[in-house]
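In: with the input below, show me the fold.
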Amino acid sequence: MTCILGVDPGSRVTGYGLVRTTGSGLEHVANGCIRTPQGGQAARLHAIFEALCGIIDQFRPDEMAVEKVFVKRNVDSALKLGQARGAAIVAGASRGLPVHEFTPAQVKQAIVGRGAADKVQVQHMIKMLLRLRDAAQSDAADALAVAVCHAHTREGLRRMPKLAGSRAGRWL
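Out: Alright, predicted model coming up:
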């Protein structure tokens, strides 16, 4: 059994979700949102780092998966998001976790079956896949989706040993 921490980074709200692989699938461990304090970017990044270190210390995941930055229009927002991602990655690395990264389209494809799915579809599928009583908050559902995406990718590579050692699982 492997415990995976998924992170949906944001400078104001960072979602996190933990899932555990089992012999028959996945089970939900925990999820939530880290809400950063008002103030400068340094204080926000520190809050993300500290909160994720605490979550890692509490739940002891084996691996971490983080959503990659997606730049739509606003470059300033993308830079802040990239910094939040960096704080999350450093939190995982500081605790010795292997960190894996997935694009939003890869996550949506793994969860919903199409890379252009909306947030409501992701929330619904996470609720169904993890047998949650209630839908997780949007950012937490996205983080759970990142963890589930990694679990599925990891399992697929495990079943194809010839690809597991190739260049990050890409076809050669």
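
In: return the helix or strand in the chain with minimum mean pLDDT.
Out: helix 161-164 (a mean of 54; mean pLDDT, DSSP states H and E).

In: surely Gly39 is in a helix?
Out: No. Counting by DSSP: H, G, I helix; E, B strand; the rest coil, Gly39 falls outside a helix, being coil.

In: where does pLDDT dip in the chain?
Out: 72, 155-172 (pLDDT under 70).

In: go through the longest helix anywhere in the chain and flag the buried ones.
Out: Identified as the longest helix of the chain according to DSSP state H is helix 138-159. The neighbour-count criterion (16 or more other CB atoms under 10 Å) identifies 138-154, 157 as the buried residues of helix 138-159. The C-beta positions use only the backbone N, C-alpha and C, and glycine is treated the same way.

In: cool, stretch 104-123 as well?
Out: Buried-residue list, stretch 104-123, by 16+ other CB under 10 Å: Pro104, Gln106, Val107, Lys108, Gln109, Ala110, Ile111, Val112, Ala117, Val122, Gln123.

In: what's the answer for stretch 24-36, then?
Out: Result for stretch 24-36 [16+ other CB under 10 Å]: buried residues Leu26, His28, Val29, Asn31, Gly32, Cys33, Ile34, Thr36.

In: distance between that stretch and the chain's centre?
Out: In terms of CA atoms, centre = their mean, to the nearest Å, the gap separating the centre of stretch 24-36 from the centre of its chain is 9 Å.

In: sorry, back to before: which single one of the buried residues of stretch 24-36 is nearest to Ile89?
Out: Lowest distance from Ile89 to the buried residues of stretch 24-36 (CB to CB) belongs to Ile34, with 14.5 Å.

In: quick one: contacts for the closest one?
Out: Each residue near Ile34 by CB atoms under 8 Å, 6 or more residues apart in numbering is listed here: Val13, Thr14, Gly15, Tyr16, Ala47, Ile48, Ala51, Leu52.

In: one more time with 7 Å, if that's ok
Out: Thr14, Tyr16, Ala47, Ile48, Ala51 (CB atoms under 7 Å, 6 or more residues apart in numbering).

In: can you tell me how far the residue nearest to Lys108 when sequence neighbours are not counted is from Thr153?
Out: Nearest non-adjacent residue to Lys108, counting by CB to CB, 6 or more residues apart in numbering: Ala117, 4.3 Å away. Counting by CB to CB, to the nearest Å, the gap from Ala117 to Thr153 is 17 Å.

In: same thing with Cys3?
Out: 16 Å.
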